[in-house]
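Colleague: Task: produce atomic coordinates for the following.
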Amino acid sequence: MEKKIEQMDITLNVIKELLVKLNDNIEKIDKKVDKLAEALDGDLLPECKKMGSHIDFVENVYDAVKHPLGFLCNKIKNFTGGNNNYTLTDISGN
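Modeller: Prediction:
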């Protein structure tokens, strides 16, 4: 009977060590998740917003310039004898 109690005590100590290791690993993972959340909220989101506003600016400039630029390209092609079809967008499907 005493041997069984001793084995149970050993088994419980092994389980306790495993639980301590699992808890340590969970704490490490939790710290890493917190760091990722800080990075996401602190640096990444504002940079993404800046890039989004830059893309909007470029698209607005493109929309404002594409027709006058196309008109000029068409006139130059008339003078040089080229065809009158012009486009500022990719029509090749790529």
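
Colleague: Could you point out the helix or strand that follows the lengthiest helix in the chain?
Modeller: Taking DSSP state H as the criterion, the chain has its longest helix at helix 2-39. Using DSSP states H and E, the helix or strand that follows helix 2-39 in sequence is helix 45-80.

Colleague: So what's the gap between that following helix and the chain middle?
Modeller: 25 Å (C-alpha atoms, centre = their mean, to the nearest Å).

Colleague: Then stretch 28-48?
Modeller: 12 Å.

Colleague: Can you list the buried residues in that stretch?
Modeller: Using 16 or more other C-beta atoms under 10 Å as the test for burial, stretch 28-48 gives no buried residues. Where C-beta positions appear, they are placed from N, C-alpha and C, glycine not excepted.

Colleague: With only the CA atoms kept, save that stretch in CSV.
Modeller: The C-alpha trace of stretch 28-48 is given here as CSV (Å, rounded to 0.1, in the frame of the first residue of the first chain):
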residue,chain,number,x,y,z
LYS,A,28,5.0,33.4,-22.9
ILE,A,29,2.4,33.1,-25.6
ASP,A,30,0.2,35.7,-23.8
LYS,A,31,3.1,38.1,-23.7
LYS,A,32,3.8,37.6,-27.4
VAL,A,33,0.2,38.2,-28.2
ASP,A,34,0.2,41.4,-26.2
LYS,A,35,3.3,42.6,-28.1
LEU,A,36,1.6,41.9,-31.4
ALA,A,37,-1.5,43.7,-30.3
GLU,A,38,0.5,46.7,-29.3
ALA,A,39,2.4,46.7,-32.6
LEU,A,40,-0.8,46.4,-34.5
ASP,A,41,-2.5,49.2,-32.6
GLY,A,42,0.5,51.4,-32.2
ASP,A,43,2.4,51.4,-35.5
LEU,A,44,0.7,49.3,-38.1
LEU,A,45,-2.8,50.7,-38.2
PRO,A,46,-1.8,54.4,-38.6
GLU,A,47,0.7,53.4,-41.3
CYS,A,48,-2.1,51.5,-43.2
